[in-house]
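Peer 1: Requesting a structural model of the entry that follows:
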Amino acid sequence: MALHPKQSFQHTLREISVNRANPCELVRELISNSYDAGATHIRIFPLIQKRGILFFDDGSGLSVSDKDRKNDVVPYVAFFSIGQGTKTPGQQIGYKCQGSKLCFAARRFTVITRCADEATYRVKTVDNPKQTLDTDYDLSASETSTPWQVLRDDLLPDADERTAALLEHLDKAFFEAHFQHGTLLLIEEFETDNYDAYFSVEEPARNYLYNYIRYYTAHGDVRRISKDHGFMARDVAAVRGLLKPDHKVDLRTWIVPNKGAGKLELVPQGWPYLPPPDEKAESPAVVSQLRAGRFSARHATTFKHADRHYSLLLAIDGHRRALEGYEALGRRGNRRCGITLSDLRGVLLSSNGITVSRFEQLLDHPLLEDWKILQEGPEHYVLIIDGNFELVTNRDAVAPSSLSVLRDQEFVGQIRRFLQGVQQSKEGDVFAQLIERLNRETTRHAENQYIENNSRLRRELPERESFTVSGIAPLEGRPFFAPIRGEEHFVGALYTLFAHLVPKDHPLARHWIRPLTFSGLGIDAVAIEDESKALTNGNLQALEYKYSFSVDEEFNHPLIITDRIICWQMEPPAVGESVRDSYNYQGAIEEQILHEGRLLGVLIKDIRHLHDLKELLREVPVLCLRDLLQATFNVKLRPGARAARAAPKGKGRK
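Peer 2: Got it, this is the predicted structure:
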């Protein structure tokens with residue numbers, strides 16, 4: 001009998017339809033769909049009464065005609081489907097056919113759509129879509145010639161004064177003037193933890209949705225630069241030449257001014273680069289304090305890599321100028337619209353013009369060593385790298401395939417040539433001076449830190465915990481001081497030393513594999529597991545050294561390439577607790593590592609990527625070096641002076 005895998009449509013829909021971290025992801029995906037559909041008008045109404053949203057565009061509509069069938073599915077059916085869409089990768093913004101599923105994280109969802117060749121509008125309402133939609137669900141829609149009445153009388157019959165104000169704009173005149181074709185979506189009781197914070201109708205300066213549209217959607221395309229932003233004409237022509245199509249879209253969102261009637265507020269198109277300053281500002285070289293700078297400069301270019309086009313955009317705005325220009329963005333102690341200025345400074349990645357995330361690790365690449373100092377001053381600039389990057393499912397980070405492109409020597413070489421060209425050009429004075437000033441100030445700061453740290457280290461050394469080891473002649477009578485936080489390399493040094501001293505027949509020998517390398521970048525060490533076998537990948541393990549290990553702290557290395565974690569101390573996690581790394585991988589504590597009743601560590605298993613949900617058949621042991629030393633050797637621990645002073649009365653020296 002043939003056996004076949006099964007798929008739960010409802011389970012998958014539940015997994016991809018809810019984004020509690022940022023429910024405005026829904027708006028981003030709908031705007032992308034509108035741009036792909038050729039819309040020239042978009043209207044967005046937060047539906048406060050229903051804790052939902054009403055979204056309209058005058059795009060091509062969701063066709064049910066076979067002439068629009070692509071990839072064996074028509075657009076209307078694709079809208080409700082998972083993994084089946086009509087879009088082509090690289091030619092349109094969305095193509096995974098997953099973004100629209102965010103609409104279904106609601107109590108009720110309605111779509112009203114019409115194509116140019118249709119005489120009537122089609123209406124489809126789905127109650128509790130996450131529970132009711134599946135592959136057998138009937139998507140047949142009803143037809144109407146008066147959608148404004150359906151909206152008012154059937155869908156929102158209990159409208160209060162807030163909803164009634166919106167419906168006044170969506171009357172017969174609106175449909176006849178703007179809705180000859182397009183799609184209107186009504187989402188009620190949207191599933192999110194903090195609806196009011198994301199979908200307010202406040203003025204733009206305090207409105208999260210308004211600013212999210214400007215910075216994180218296709219409407220805020222980073223490539224839509226102009227001479228009005230200070231970019232040179234040749235750069236504008238090169239970058240905007242990659243905009244396909246480059247059409248104007250009138251997007252408005254519902255705003256209710258303080259003590260005023262509601263209105264549709266125009267959201268400017270394009271990423272909000274600041275215009276050049278009206279008067280000449282002091283350069284980075286002469287400004288009294290760099291953080292008080294109002295200097296400005298603009299540079300951009302395009303290049304081709306692996307037969308794909310990419311853009312580089314460098315917008316320099318001194319910190320004071322950025323604070324004054326981006327008034328709506330939050331900063332320390334003041335939330336403002338809810339999007340922070342720091343999240344939009346430094347190195348940013350964008351995909352097809354849409355800002356994705358920060359990517360400051362770019363400057364760690366050896367080819368960009370000359371500009372690594374920019375990590376010390378991200379508040380003064382934004383460097384945007386744009387391309388057709390593949391993203392993870394919720395599109396808040398690039399997928400592993402795109403990370404490999406961003407680390408490619410040739411690709412990074414293009415960024416190096418751009419920064420080098422800017423710095424050496426006659427228009428690059430501001431950039432060159434910023435680099436020089438950051439180097440000068442950071443060097444002085446670093447020197448002071450070294451002096452202070454050195455003094456503190458010498459002063460506090462006698463107060464540290466220490467230990468001695470008996471039974472090993474060269475070590476007799478020689479105290480070892482315990483590592484402190486920040487001394488991960490010392491953890492590695494101790495582990496390496498004692499790994500050479502463990503007899504091969506010791507019952508704990510398997511936990512002491514001999515490190516062969518030691519590095520301050522990337523993987524801390526490579527160790528050999530079985531000394532009797534060859535140096536092959538299967539016999540080499542990647543070690544990471546940590547001062548402490550806790551499930552409450554994100555592991556800052558990829559679990560997918562880490563074979564063993566050695567820490568000095570451990571907050572013992574319970575079996576079943578999860579461990580997450582900085583690369584969207586997660587595992588679970590499934591076993592404890594014990595020896596004669598002593599806990600030496602734990603075993604991380606069930607490792608998988610949070611977005612791909614594909615389990616990796618590997619396990620990562622985490623070993624506590626402090627306990628492993630005591631279990632393996634004759635170790636005598638001496639508490640530090642501070643610990644001794646803190647001991648309860650009656651527990652001191654006898």
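Peer 1: Contact partners for the closest residue to residue 482 other than its chain neighbours?
Peer 2: Using Cβ to Cβ, 6 or more residues apart in numbering and skipping residues adjacent in sequence, the residue nearest residue 482 is residue 465, 4.1 Å away. To be clear about C-beta, it is placed using only N, CA and C from the backbone, and glycine gets the same treatment. If you count contacts by Cβ atoms under 8 Å, 6 or more residues apart in numbering, residue 465 has them with 481, 482, 637, 638, 639, 640, 643.
Peer 1: Narrow these to those in strands?
Peer 2: Judged by DSSP state E, strands contain the following of the contacts of residue 465: 481, 637, 638.
Peer 1: tell me which of these is nearest to residue 583?
Peer 2: Checking the ones in strands among the contacts of residue 465 against residue 583 by Cβ to Cβ gives residue 481 as the nearest, at 33.3 Å.
Peer 1: list the contacts for that closest one?
Peer 2: Per Cβ under 8 Å, 6+ apart, neighbours of residue 481: 461, 464, 465, 466.
Peer 1: And for residue 371?
Peer 2: Counted by Cβ under 8 Å, 6+ apart, residue 371 has contacts 363, 419, 435.
Peer 1: now swap in residue 579 and tell me
Peer 2: 551, 555, 559, 573, 586, 587, 588, 589, 604.
Peer 1: can you give me the strands in the stretch 51-200 of the chain?
Peer 2: 52-57, 106-114, 121-127, 142-144, 182-190 (DSSP state E, counting those that start in this stretch).
Peer 1: just the stretch 351-500 of the chain next, same as before
Peer 2: Under DSSP E, counting those that start in this stretch, the stretch 351-500 of the chain gives strands at 354-358, 381-387, 466-470, 480-481.
Peer 1: Packed most tightly, which of those strands would that be?
Peer 2: strand 381-387 (a mean of 23; mean count of other Cβ atoms under 10 Å).
Peer 1: Touching that one from outside, list them.
Peer 2: Residues contacting strand 381-387 (Cβ under 8 Å, 6+ apart): 222-223, 271, 308-317, 344-353, 355, 359, 362, 374, 405-406, 415, 434.
Peer 1: Any stretches of the stretch 501-650 of the chain with poor pLDDT?
Peer 2: Filtered on pLDDT under 70, the stretch 501-650 of the chain yields the residue ranges 612-614, 642-650.
Peer 1: Out of the strands of the stretch 51-200 of the chain, flag the one nearest residue 428.
Peer 2: strand 52-57 (41.4 Å).
Peer 1: so where's the chain uncertain?
Peer 2: For the chain (pLDDT under 70), the answer is 1-21, 83-101, 393-394, 444-446, 612-614, 642-654.
Peer 1: Can you pull the domain assignment for it?
Peer 2: Listed by automatic domain parsing, the domain ranges of the chain are 12-199, 290-441, 464-645.
Peer 1: looking at those domains, which is closest to residue 260?
Peer 2: Set against residue 260 and scored by Cβ to Cβ, the domains of the chain come closest in domain 12-199, at 11.3 Å.
Peer 1: Greatest separation within the contacts of residue 579: which pair is it?
Peer 2: Farthest pair in those, by Cβ to Cβ: 559 and 573, 14.5 Å.
Peer 1: What ranges does the stretch 201-350 of the chain have for its helices?
Peer 2: Per DSSP state H, counting those that start in this stretch, the stretch 201-350 of the chain carries helices over the ranges 208-216, 233-240, 319-325.
Peer 1: So which of the ones in strands among the contacts of residue 465 is the closest to residue 208?
Peer 2: Residue 208 lies nearest to residue 481 out of those, by Cβ to Cβ, at 50.2 Å.
Peer 1: how near is the closest one to residue 489?
Peer 2: Per Cβ to Cβ, to the nearest Å, residue 481 is found 14 Å from residue 489.
Peer 1: How about residue 205?
Peer 2: 47 Å.
Peer 1: Neighbour count for those two, which is higher?
Peer 2: residue 489 (15 against 12; other Cβ atoms under 10 Å).
Peer 1: Touching, the more buried one and residue 519? I think so.
Peer 2: No: taking contacts as Cβ atoms under 8 Å, residue 489 lies outside contact range of residue 519: 9.5 Å.
Peer 1: and the residue lying closest to residue 156 once chain neighbours are set aside, what does it touch?
Peer 2: The shortest distance from residue 156 to any non-neighbouring residue, by Cβ to Cβ, 6+ apart, is to residue 163 (5.8 Å). Each residue near residue 163 by Cβ under 8 Å, 6+ apart is listed here: 47, 48, 49, 50, 156.
Peer 1: if you set the cut-off to 10 Å instead, what comes out?
Peer 2: By Cβ atoms under 10 Å, 6 or more residues apart in numbering, the contact list for residue 163 reads 45, 47, 48, 49, 50, 52, 54, 152, 156.
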